[in-house]
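In: got a sequence here, can you model it:
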Amino acid sequence: HLATSLPLPSEMDHLRPRIDLIVFMIDIKSKYSLKNVEASLAHVDGSFFLGKVCFLVTGVGRVNYCSIETNAICKLGEAYCSPVLFCELELEGIRVSTAQRLLRMLQICAGLVPGVSALFFSSLMRNSDDN
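Out: Got it, this is the predicted structure:
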């Protein structure tokens, strides 16, 4: 399910499936994209940041057109203890591998991978510089 921002409309709460993973997409060419994500973060329960949120940064292949510094996005990931994935959706191979990574993350967050919790997986994705 896709949403352009949070909070989600409450009138459909009873029909909404369980949310296992939230992927915040940030277009590196749009400052509005980052501002929208930052505003939406306030509507996410704190417990979700324990392995069930990630940031997907698109448009990284066009560094000449960047409106957002990657450092700012990395700091956002650090502040919310959530992984940051960088990709270029215009390249099919990268698009496919990114989709596969997100699907695997979703399987883990949904509890479909025996022996691996979302919190454990999130700790594996953390930058080794954090130690």
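In: residues near residue 52, how many?
Out: The tally of other residues near residue 52 (other Cβ atoms under 10 Å) stands at 24. Backbone N, C-alpha and C define where each C-beta goes, glycine included.
In: same check on residue 81?
Out: Around residue 81 sit 16 other residues, with neighbours defined as other Cβ under 10 Å.
In: pLDDT score for it?
Out: The score at residue 81 is 87. That number is its pLDDT.
In: from here on, call the first residue 784.
Out: With the count now opening at 784, the last piece we talked about shows up as residue 864.
In: buried residues of the least confident helix or strand in the chain by mean pLDDT, list them for me.
Out: Of all the helices and strands that make up the chain, the one with the lowest confidence by mean pLDDT, DSSP states H and E is helix 901-908; it has a mean of 72. Within helix 901-908, the residues that count as buried by 16 or more other Cβ atoms under 10 Å are 901, 904-905.
In: do the same with stretch 821-830
Out: The neighbour-count check on stretch 821-830 (16+ other Cβ under 10 Å) flags 823-824, 827 as buried.
In: from the contact counts, what lies against the lengthiest helix in the chain?
Out: If each helix of the chain is counted by residues according to DSSP state H, the longest one is helix 875-892. Contact analysis of helix 875-892 by 3 or more Cβ pairs under 8 Å, 6 or more residues apart in numbering; DSSP states H and E lists strand 836-841, strand 867-870, helix 901-908 as its packing neighbours.
In: angle of it against strand 836-841?
Out: When axes from the mean of the first three to the mean of the last three Cα atoms, to 10 degrees is applied, the directions of helix 875-892 and strand 836-841 differ by 170 degrees.
In: how about low-confidence regions in this structure?
Out: For the chain, the stretches with pLDDT under 70 are 845-847, 907-914.
In: how does it look with 50?
Out: Residue ranges of the chain with pLDDT under 50: 911-914.
In: just to revisit the earlier point, between the buried residues of helix 901-908, which is closest to residue 886?
Out: Closest approach between the buried residues of helix 901-908 and residue 886, by Cβ to Cβ: residue 904, at 13.3 Å.
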